[in-house]
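In: Based on what follows, work out the 3D shape:
(one chain, ligands or ions: 3)
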Amino acid sequence: MTSPPRRLRRILLGACALVLTLVTAIGAAVAWTWSAADISTVGTTEFTRPLHIPPLADSTVDSTGTRVFALDMRTGTTEFEPGRATETWGFNGSYLGPTVRAARGERVRVQVRNQLPEASTVHWHGMHLPAAMDGGPHQMVDPGASWTPEWTVDQPASTLWYHPHPHGATEDHVRRGLAGMFLIDDAPSAELPLPDTYGVDDIPVIVQDMRLRGSRLDGAHTVFRDIGFLGDRTMVNGTSSPYQEVGDELVRLRLLNASTARIYTFAFDDARAFAMIGSDGGLLERPTALDRIRLSPGERAEIVVRMRPGERTVLRSEKLAAGLDFWSNRFSGGDDTFDVLELRAASMLRSSDDLPETLVPLSIPDGRDAVTQRRFDLTLAGINGARMDMSRIDTTVTRGTAENWVVRNIDGMPHNFHVHDVQFRVLDYDGAPPPPELTGAKDTIFLAPNTATTLALRFDGPADPTTPYMYHCHLLWHEDVGMMGQFTVVEPGQQAVAPPGHAH
Ligand code: C2O
Ligand code: CU
Ligand code: CU
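Out: Ligands and ions are numbered 1, 2, ... in the order given. Predicted coordinates for the structure are as follows:
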């Protein structure tokens, strides 16, 4: 007969063994997840496919002088790999969309048709335009329906883009392939000796990450991916393993991070310097020499790289160096590296003009005439502690006034912050004056955990008390789960009218 203490000891020993086994199993699972979370295509990419250059969108000019474009949202199939047809979505085609191009001062109209099985929207990211034309979650287009926004382009030459914005499904719709560039031209930029032949020495570079499961696009978030979807390879303009032949000494790359969550740190494999000439909202005051540029989802940078005859260089994405702790860095994709695009110079290159010393004067507010300072605290749980509510106006601003917005990431994971309708100036960033790449016009800004920035914005209108614009984290799953708020531009003394809730 076993005495009670001995039985107790046996039970305790058994329990210990069980706990140990569990801990080991969990530890092994975590270790496996940890190492599987690290992705790299550096050195293994063959660059076998010529880069697809999205065609320029056709347009017609109607009797009133309005330039009219047509964008159809469609389903289709795309062969990312030869012989493997993948179901994708696109504008006027099966994946991505044409590059829309218009000049400052032009009136434009876009005939958007939704031929998808789901309701969606088309938002003009970076565009200054009336709220009802913005294509946010209040301008839903049902399957089979169309929507025809119209506005006058009134902002400097820049690289903008368009993509869907249905509340709760933006990540899904963009990841399936709905995105395109929207280029704005103006007279001051046309006079500058910059590379500007589309697809020749002025190349759109739409960078996305993706993952295939069999022949299907896989959108699953894997464990610990609070950041949202991360793919295991990159594509440029929908081409995987792309190369681009160049025939000019200077090549301008219009970089757009159209990924849903991935943050890139672009640099060349030989660490060559390049000139950054433009940010989200247009050209900088002067070219600035850099050897890397970080772009979080939604951000753009125009860079000019000098090529020597016959050489090859690879645009890469390097590890994220944003001071994240090792856990969130790994599970936010911060340890991942990618071979993005190979540039192949011809053996003889056309000579290019040297870049000018100065580009254009900036037209963004400087913060001195701000009538209000507001605070926006970012966490995955919402902005200023509140999740997005389509029927709640969070912020009302007065047409014709400037404001300063202090945006803080008070979360343990990376976020960014995008504001519709305006281009802002970064007054300070992480407690210091902004680095050169953040001195130009911006509409989206990256924020590492525990960093803050002050932005100067001006709301030139028009006022529309019944239709809000959005501000949000542009990591699209974060946006989908509610890291978004609404602001309305009103006339002095006017009240914002809360819109009705979900139409869908
Ligand atoms: Cu690029 Cu609210 O969007
Ligand atoms: Cu936007
Ligand atoms: Cu976020």
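In: Any residues of this structure in contact with ligand 3? List them.
Out: Applying Cβ under 5 Å from the ion, we find that the chain lies next to ligand 3 at His415, Cys473, Leu475, His478. Using the backbone N, CA and C atoms, a C-beta is placed for each residue, glycine as well.
In: Just the closest residue of the chain to ligand 1, please.
Out: Closest to ligand 1 within the chain is His125: 3.5 Å, counting by Cβ to the nearest ligand atom.
In: burial count for that residue?
Out: Counted with other Cβ atoms under 10 Å, residues neighbouring His125 total 24.
In: Give me the distance between it and Arg425.
Out: His125 sits at a distance of 18 Å from Arg425 (criterion: Cβ to Cβ, to the nearest Å).
In: Show me what counts as buried in the strand ranked longest in the chain.
Out: The strand spanning the most residues in the chain, taking DSSP state E as the definition, is strand 67-81. Applying a neighbour-count criterion of 16 or more other Cβ atoms under 10 Å, one finds Arg67, Val68, Phe69, Ala70, Leu71, Asp72, Met73, Arg74, Thr78, Phe80 buried in strand 67-81.
In: Local confidence estimate at the fifth one?
Out: What it means is Leu71. Per-residue pLDDT puts Leu71 at 98.
In: and the nearest residue to it once chain neighbours are set aside, what does it touch?
Out: Leaving aside its chain neighbours, Leu71 sits nearest to Phe91 (4.8 Å; criterion: Cβ to Cβ, 6 or more residues apart in numbering). By Cβ atoms under 8 Å, 6 or more residues apart in numbering, the contact set of Phe91 is Leu71, Asp72, Met73, Arg74, Gly97, Pro98, Tyr162, Leu178, Gly180.
In: number of nearby residues for the spatially closest residue to Thr170 that is not a sequence neighbour?
Out: Excluding its sequence neighbours, the residue lying closest to Thr170 (Cβ to Cβ, 6+ apart) is Leu476, at 4.8 Å. Counted by other Cβ under 10 Å, the residues lying close to Leu476 total 27.
In: Could you report the distance from Leu476 to ligand 2?
Out: 11 Å (Cβ to the ion, to the nearest Å).
In: who's in contact with Ser59?
Out: Neighbour list for Ser59: Arg67, Val68, Phe69, Ala102 [criterion: Cβ under 8 Å, 6+ apart].
In: ok, which of those also contact ligand 2?
Out: Counting by Cβ under 5 Å from the ion, no member of the contacts of Ser59 is near ligand 2.
In: Looking at those, spot the one nearest ligand 2.
Out: Ala102 (17.2 Å; Cβ to the ion).
In: Kindly provide the whole-number mean pLDDT of the top helix by length along the chain.
Out: Using DSSP state H, we find that the single longest helix of the chain is helix 4-36. Mean per-residue pLDDT for helix 4-36: 79.
In: just checking, next helix/strand downstream of it?
Out: Next in sequence after helix 4-36, counting helices and strands by DSSP states H and E, comes strand 49-50.
In: how far out from the middle of the chain is that following strand?
Out: Centroid separation for strand 49-50 versus its chain: 24 Å, with Cα atoms, centre = their mean, to the nearest Å.
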